[in-house]
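# generate coordinates for the sequence data below:
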Amino acid sequence: MIRPFKGTIPVTQEWGNDLVINGVHIYAQWGYKGHNGVDYGTPTGTPIIAPHGGKVIEAGFDQYGYGMYVKIENDVEGSILAHLKSFVVNAGDIITEGTEIGISDNTGNSTGPHLHWGYFRKPRNKADGYSGTTNPYLYLTENIPAPTPPAIDYKKLYEESQQKVGDLQATEARLKLEITNKDKSITERDTKITTLTSKLGQIKALCP
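Next up, the predicted model:
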């Protein structure tokens, strides 16, 4: 499954988000726990494509909700693509993934040009608080932008490197001290052996 457009378009509303304005839970007025789709900030006139293949179940106008919209289903999944300016498919059409189905706009209950993508898996449970929809990101297989590499915190990296150098220098100093102490112990041992050997020689010379 792919995203319902080509190129890169920012997400303006995530799936499941509980939008609260002036203390009012906006989606509760429709009986939802949160947003039942993903919104993309598509400029008016953006070509919209089918995220997956299937049959066009509905292609119509919902004045107080989706505006101009298209609903596509297959045996596994379904999508509602809403707030369109127009569509070029009709109910009953069999389409494939990537087929252009219309262009985006701001029709229906919308405060600005965008695309609403409601995605669901079958069997669909419309009573789950999200109208049976789910997060489509979990099922995307293509048309996914490469993840943005995390910004490098050079200050933190420098500080960590300094710490590692300091630790290594401390280890080196400790090892050098241990070697010095061992060398001193060996020297002292050799001196004692030499002294004892000399005394033994003297004692032997005195023996009859």
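# give the contact list for residue 61.
67-69, 107-108 (C-beta atoms under 8 Å, 6 or more residues apart in numbering). Where C-beta positions appear, they are placed from N, C-alpha and C, glycine not excepted.
# nearest to residue 15, of these?
Using C-beta to C-beta, residue 69 comes nearest to residue 15 of those, at 16.9 Å.
# count of residues packed around that closest one?
Neighbour count for residue 69, taken as other C-beta atoms under 10 Å: 23.
# hmm, back to that, now the contacts of residue 61 in TSV, with secondary structure and pLDDT?
As requested, those are arranged in TSV below (DSSP: H, G, I helix; E, B strand; the rest coil; pLDDT from 0 to 100):
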residue	secondary structure	pLDDT
67	strand	97
68	strand	98
69	strand	98
107	coil	97
108	coil	94
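# report the two of these separated the most.
69 and 107 (8.4 Å).
# please enumerate the shared neighbours of the two.
Joint contacts of residue 69 and residue 107 (C-beta under 8 Å, 6+ apart) are 61, 83-84.
# looking at those residues, which is nearest residue 35?
Taking C-beta to C-beta as the measure, residue 35 lies nearest residue 83 of those, at 13.6 Å.
# report pLDDT for that closest one.
pLDDT recorded at residue 83 is 98.
# which strand runs longest in the protein?
strand 77-87 (DSSP state E).
# three-state assignment of the nearest residue to residue 114 once chain neighbours are set aside?
Excluding its sequence neighbours, the residue lying closest to residue 114 (C-beta to C-beta, 6 or more residues apart in numbering) is residue 39, at 5.0 Å. Here residue 39 is recorded as strand under DSSP: H, G, I helix; E, B strand; the rest coil.
# same thing with residue 43?
In three-state terms, and counting by three-state DSSP, residue 43 is coil.
# apart from its neighbours in sequence, what residue is nearest it?
In space, and not counting its chain neighbours, residue 43 is closest to residue 113: 5.8 Å by C-beta to C-beta, 6+ apart.
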